[in-house]
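*Asks:* Pasting the sequence and the predicted model now:
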Number of protein chains: 2
Amino acid sequence: MNDRLARVTLMRLAEPGDVVMSRLVASQGPEAAVGQIREGHPEPEFARWFAASHRRDPSGAQRERLTVRLERMFVSWAARLETAEPARDLAEGERAGARLVVPGDCEWPTQLDDLGDSRPHALWLHGEADLRFSCLRSVAVVGSRAATPYGTHVAAEFGAGLSGREWAVVSGGAYGVDGAAHRGALAGGTPTVAVLACGTDIAYPSAHHSLFAAVRSQGLLVSECPMGAHPTRPRFLVRNRLIAALSRGTVVIEAALRSGALNTAGHAISLNRNLAAVPGPVTSETSAGCHRLIRQGTATCVTTPEEMIELVGAMGDDLAPEPRGPLLPRDRLDPETRAVLEAVPARAGAGPATIALAAGVGLETVLSCLGGLAAAGYVERVPRGWRLRPGRPDR
Amino acid sequence: MNDRLARVTLMRLAEPGDVVMSRLVASQGPEAAVGQIREGHPEPEFARWFAASHRRDPSGAQRERLTVRLERMFVSWAARLETAEPARDLAEGERAGARLVVPGDCEWPTQLDDLGDSRPHALWLHGEADLRFSCLRSVAVVGSRAATPYGTHVAAEFGAGLSGREWAVVSGGAYGVDGAAHRGALAGGTPTVAVLACGTDIAYPSAHHSLFAAVRSQGLLVSECPMGAHPTRPRFLVRNRLIAALSRGTVVIEAALRSGALNTAGHAISLNRNLAAVPGPVTSETSAGCHRLIRQGTATCVTTPEEMIELVGAMGDDLAPEPRGPLLPRDRLDPETRAVLEAVPARAGAGPATIALAAGVGLETVLSCLGGLAAAGYVERVPRGWRLRPGRPDR
């Protein structure tokens, strides 16, 4: 059994992200790990590591109990090994159009190595894009499945804005923010990457069948689950670490206080990736998670895709434009002229002497300023003096 | 002429916040300042200060030009002094129901001394509440005149929430956020303070006539302008320093990038008061100023009145409740039971052996967990084994 077949086998034996299995593979290599599981019990050294990882200095009885627990795991993995058919899995996956990528392959995204022991054994990819190249400049856009119209609008804007600036979107495949981000990204022309919590051949949710087809043709479906695997809640949670690890930074668009998107945010933080959150109405429960991240200082507040790119992009090169209000014609008046303008009444006219007193400037200054203001359309002469002109340039 | 009459006179001579006049009063006292203006020209020492405040080391010609400028100011103040009638101002203000408060009075809010030279000469107050006492626990609630329905809703919630917790609201008298904050505060029972940019006898905007009446009866109208003075743009801006200085902290509810509320925010920062901003939809221009403050780290992101009180209140005593999502029944399951629950199929049933394989636990564990889960209403027995029960406690 070679490395690829061993890894395909491992995908069938334990749940993705199983730390004990991951440690076994990390310490022994995939082929030896499968061999040891086939034998049905762990090597003494691994059993010692397992005991030590639970207690600093286990007593004899504690060590005994932990060994029993580890052996039970081996039994349950061995039970699955009996039904595993890695060669068939590999052939069927490739027949379905997917490809298997393992550590060491050209397309393997080496940033997943930051996950340490919980790095996936292998990934199934389905789509036209190159995973490693796409994720070099990528942002994870995550958020609530039960997004509001505001959330899906902002997610689509971020997807399109990132994609239009050659940043790939990485997200899940759920309703709400995930779907909207991919749809926005598809409009931008840069590959979009959907990381699934089920086999790449399973369209979950099924209403996203055609969205997944579009993602395959312009981007990639990615999964660490074997073909045919159905999504479960724990799989969603462990899948989230891949979304955070593949991208340069994560932005949470909308998240309630218990949203799974906050789990992705936690992975981004523990991987030292950039984390951002988009604010929303404080009256909306689906923005409460974003606001908590911003208040805690865990996430940077971002309001546009440009601001997100500033966060994850090259320092100094990808600066977002500073938001500025419009420049009003009045801004160009000098302080004295502005003081005179402020002293001109709105309805009934006033003479230059009254205006001079009100503005606190001399009569000569008033006369020269009024001339300029009249020429610029700010004031007009009326029988009783001067007044503001209705419909003047600005207030 | 005594101190009070001199201060009433000064209110007529220069615009509020005029730094040269303020410096003159600070250095000479109000009575001597009025005397010097009556004489029509500054003392040599004051002229030297004026020159030095513009240039570090003025040449003879520069000093000459600055002296001319200062003398022009004295001429314009002297012109206004001719028409000033302080005794009548004082009598008329009191006849209208207002009272004059000057530094040293019991009701003078000493936190205004933080303004240094730009401290107001005196304040006209109109209303039932005590200004100094009310402002001991007060929050400035500011924001856009052109607030959205979201902004006025949040402003009213903050007004009511602060007032209900015995925190006074300080704001202006404008449409939008100001008015909504006062209306909310009136419902809470704590005095609310409206600082106006015109005389306290002028209802501006006039549609707020009845709001001002309510504020007078449950709080205070405050102004540093003489009776009858009309609002001008510069008066709004200098008025903002009073709003920031009277309160323990300022919260910006909604502000576009050029909103006057950002001017109040700037005063709060330069006075070392707490500054907070409420986020809103990133699609709304009237929240862009708030988001810029939060992004810059200038303002703390707050989403509820409690969070604002935590910011300005006593350390440790006024903590806001940590926002938490609902606790789901599933949270109380132990990890093994949760793994079994995840492995139970939704529609077609599965036998305990299949579930054990999927969950990665032993058959005995599955059997005991399924019993508990069935009792709790999570799963049910069907002819082909076990499945999730429709309408179970939570997903």
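*Replies:* Yes, it's here. Keep in mind the model is a prediction, meaning the values are calculated, not measured. Numbers count the residues shown, from 1 in each chain, chains lettered A, B, ... in the order given.

*Asks:* Any residue of stretch A:177-191 touching chain B?
*Replies:* No - on the criterion CB under 8 Å from any CB of the partner chain, stretch A:177-191 is out of touch with chain B, staying 13.8 Å away. For the C-beta atoms, the positions are set from N, CA and C on the backbone; glycine is no exception.

*Asks:* How about that stretch, which residues are buried there?
*Replies:* Neighbour counts over stretch A:177-191 (16 or more other CB atoms under 10 Å in any protein chain shown) mark A:177-186, A:188, A:190-191 as buried.

*Asks:* Tell me how far it lies from the chain's centre.
*Replies:* Averaging C-alpha positions (CA atoms, centre = their mean, to the nearest Å) puts stretch A:177-191 12 Å from its chain's average.

*Asks:* Could you export the buried residues of stretch A:177-191 as CSV, including distance to B:His153?
*Replies:* CSV is the format used below for the buried residues of stretch A:177-191 (distance: CB to CB, whole Å):
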residue, distance to B:His153
A:Val177, 25
A:Asp178, 30
A:Gly179, 30
A:Ala180, 26
A:Ala181, 29
A:His182, 33
A:Arg183, 31
A:Gly184, 29
A:Ala185, 34
A:Leu186, 36
A:Gly188, 35
A:Thr190, 39
A:Pro191, 42
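
*Asks:* where do the strands sit along the stretch 1-150 of chain A?
*Replies:* Here the stretch 1-150 of chain A has its strands, by DSSP state E, counting those that start in this stretch, at A:99-101, A:123-126, A:138-142.

*Asks:* quick one: low-confidence parts of the stretch 51-200 of chain A?
*Replies:* By pLDDT under 70, the stretch 51-200 of chain A contains no weakly predicted segment.

*Asks:* Tell me who's in contact with the residue of it found nearest chain B.
*Replies:* Nearest residue of the stretch 51-200 of chain A to chain B (CB to the nearest CB) works out as A:Ser76 at 5.0 Å. Contact analysis of A:Ser76 by CB atoms under 8 Å, 6 or more residues apart in numbering or on different chains lists B:356-357, B:360-362.

*Asks:* now, the most widely separated pair of the residues you listed?
*Replies:* Spatially, the most separated pair among the contacts of A:Ser76 is B:Leu357 and B:Gly362, at 10.4 Å (CB to CB).

*Asks:* more neighbours, the two?
*Replies:* B:Leu357 (19 against 16; other CB atoms under 10 Å in any protein chain shown).

*Asks:* wouldn't that one be in contact with A:Ala79 here?
*Replies:* Yes - applying CB atoms under 8 Å, one finds B:Leu357 in contact with A:Ala79, separated by 6.0 Å.

*Asks:* A:Met21: how many residues sit nearby?
*Replies:* 22.

*Asks:* Now do the contacts for it.
*Replies:* By CB under 8 Å, 6+ apart, the contact list for A:Met21 reads A:10, A:13-14, A:33, A:77.

*Asks:* and what of A:Asp318?
*Replies:* A:309-310, A:312.

*Asks:* And the residue of the stretch 101-250 of chain A closest to chain B?
*Replies:* For the stretch 101-250 of chain A, CB to the nearest CB, closest residue to chain B: A:Thr232, 4.6 Å.

*Asks:* So for that residue, what's the nearest residue that isn't a sequence neighbour?
*Replies:* B:Glu342 (4.6 Å; CB to CB, 6 or more residues apart in numbering or on different chains).

*Asks:* The stretch 1-150 of chain A against chain B: which residues are in contact?
*Replies:* So the stretch 1-150 of chain A meets chain B at A:14-15, A:18, A:72-73, A:75-77, A:79-80, A:150 (CB under 8 Å from any CB).

*Asks:* Which pair of those residues spans the longest distance?
*Replies:* Greatest spatial distance among the residues of the stretch 1-150 of chain A next to chain B (CB to CB): A:Val75 and A:Tyr150, at 50.4 Å.

*Asks:* Settle it for me: which of those two has more neighbours?
*Replies:* A direct count of neighbours by other CB under 10 Å for A:Val75 and A:Tyr150 places A:Tyr150 higher, at 20 against 13.

*Asks:* Who are the contact partners of the residue lying closest to A:Ala359 once chain neighbours are set aside?
*Replies:* Computed as CB to CB, 6+ apart, the closest residue to A:Ala359 that is not its neighbour in sequence is A:Ala343, at 3.8 Å. Counting by CB under 8 Å, 6+ apart, A:Ala343 touches A:350, A:355, A:358-359, B:232.

*Asks:* Grab the longest helix from chain A for me.
*Replies:* helix A:60-83 (DSSP state H).

*Asks:* For that helix, what is the distance to the chain centroid?
*Replies:* Helix A:60-83 sits 38 Å away from the centroid of its parent chain (CA atoms, centre = their mean).

*Asks:* same deal with stretch A:31-51?
*Replies:* Using CA atoms, centre = their mean, the offset of stretch A:31-51 from its chain centre is 37 Å.
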